[in-house]
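Undergrad: build me a structure from this.
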Amino acid sequence: MTSLIQYNTFGIDAKAIAIEHFTSVDDVATLLTKHSKQRILIVGSGSNILFTNDFNGIILVSDNKSITSCTDGNSILVRCGAGVLWDDFVKHCVEHNWQGAENLSLIPGTCGASAVQNIGAYGVEAKDLIESVEAVERTTLKTVTLNANDLQYGYRTSRFKTDWADKYVIISVTYRLNVNGTINLSYRGLKEMFDEQKRLHPTENDLTLVREAIIRVRQSKLPDVKAIGSAGSFFMNPAVARHKADELISLYPDMPHFDNADGSVKIPAAWLIEHTGWKGYRNGDAGVYEKQPLVLVNYGKATGKDITELAQKIQDSVKDKFGIELKTEVIYV
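TA: Here you go, the predicted structure:
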């Protein structure tokens, strides 16, 4: 068995039968044929996975770190190998003055995972950029190009997490960026962060300033996974019916809330967790990060079981106090 401690940002020392690396379509076909009788799990940088036990199967990891681009009218199509680190892609776009990805700076993970998880931050989601996904179908070994419109993207989800969970191995993702796009400062507080960066660095271009502002804020409230194990936001922000939101607002007038297009109301999970007393909690090496209650952390030797038990306690207390069920963004394996 092979340790997976380097393949999950929680730093859980789970094990798998073997870890195999691939770059090309042919590599994937070879590996799927070789391990046809084994369980298969595709892992990027493991930034959205919690290993609760050893994995009795084979881990596939993409080493495809190529980035190519071409012009398409007023847009740039950027094709990234599944193994490209997401923030390397964002940095590449900003350095070339291609607008669209800058609000998603410093999010951990890979480009392949972005197409699965539909990562998002500061008013932008991966689905806003994804044009298509190249993948190998596991059963037929055929290479297919999947249009973004067919992937059923939603809040932190896609078909790759639902009915296609075990159907494909992603080879590359193609994103559409803008040549002369307008920066998006609509997210609450982002314009103020941007203005501060502009005051400090008046000669830098707008995309760089947005990226620097977001990096500055993320670093101020999120742990460095190289020092403290975590998977970023552990829970998704819940959406509740309007009548439920009104009921809670009458009880908690300071509760932040945001109207969704479908008539539901989004309530920040971080607020719910903090107001049930979990911010900064620690039991052994499993804890809730002191600067951001949405983040569960491994201070050293916590197991996957330790983290899941903590997560369940948080879910239970939020349900008891607010009548809201928190769903995990992190995938349990």
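
Undergrad: can we go C-alpha only for contacts and neighbour counts from here?
TA: Noted.

Undergrad: would you map the helices across the stretch 201-333 of the chain?
TA: Along the stretch 201-333 of the chain, the stretches classed as helices by DSSP state H, counting those that start in this stretch are 206-221, 242-251, 269-274, 304-322.

Undergrad: Phe234: which of those helices is closest?
TA: The closest of these to Phe234 is helix 304-322. By Cα to Cα, the value is 8.4 Å.

Undergrad: tilt between the closest one and helix 242-251?
TA: Between helix 304-322 and helix 242-251, the angle formed by their directions is 80 degrees, by axes from the mean of the first three to the mean of the last three Cα atoms, to 10 degrees.

Undergrad: show me what helix 304-322 is packed against.
TA: Applying 3 or more Cα pairs under 8 Å, 6 or more residues apart in numbering; DSSP states H and E, one finds that helix 304-322 makes contact with helix 269-274, strand 286-288, strand 295-298.

Undergrad: what do you get if the cut-off is 10 Å, keeping everything else the same?
TA: Judged by 3 or more Cα pairs under 10 Å, 6 or more residues apart in numbering; DSSP states H and E, helix 304-322 is in contact with strand 49-50, helix 242-251, helix 269-274, strand 282-283, strand 286-288, strand 295-298.

Undergrad: would you mark the buried spots in the second one?
TA: It refers to helix 242-251. The neighbour-count check on helix 242-251 (16 or more other Cα atoms under 10 Å) flags Ala245 as buried.

Undergrad: for it, the averaged confidence score.
TA: For helix 242-251, the mean per-residue pLDDT is 97.

Undergrad: alpha carbons of it, as PDB, please.
TA: Below are the C-alpha coordinates for helix 242-251, written out as PDB (Å, rounded to 0.1, in the frame of the first residue of the first chain):
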ATOM      1  CA  ARG A 242     -38.100  32.700   1.700                       C
ATOM      2  CA  HIS A 243     -40.400  32.000   4.600                       C
ATOM      3  CA  LYS A 244     -37.600  30.200   6.500                       C
ATOM      4  CA  ALA A 245     -35.300  33.100   5.900                       C
ATOM      5  CA  ASP A 246     -37.900  35.600   7.100                       C
ATOM      6  CA  GLU A 247     -38.400  33.500  10.300                       C
ATOM      7  CA  LEU A 248     -34.600  33.500  11.000                       C
ATOM      8  CA  ILE A 249     -34.200  37.200  10.200                       C
ATOM      9  CA  SER A 250     -36.900  38.000  12.800                       C
ATOM     10  CA  LEU A 251     -34.900  36.100  15.400                       C
END
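
Undergrad: roughly how far out does that helix sit from the chain middle?
TA: Centre-to-centre, helix 242-251 and its host chain are 29 Å apart (Cα atoms, centre = their mean, to the nearest Å).

Undergrad: who are the packing partners of that helix?
TA: strand 258-259, strand 265-266, helix 304-322.

Undergrad: ok, now the first one?
TA: Counting contacts by 3+ Cα pairs under 10 Å, 6+ apart, strand 49-50 packs against strand 229-233, helix 304-322, strand 331-332.

Undergrad: what about the first one, distance to the chain center?
TA: Just to be clear, that refers to strand 229-233. 10 Å.

Undergrad: and it, which strands flank it?
TA: Strand 229-233 sits in its sheet next to strand 295-298 (antiparallel), going by DSSP bridges.

Undergrad: cool, the last one as well?
TA: Using DSSP bridges, the neighbouring strands of strand 331-332 in the sheet come out as strand 49-50 (parallel).
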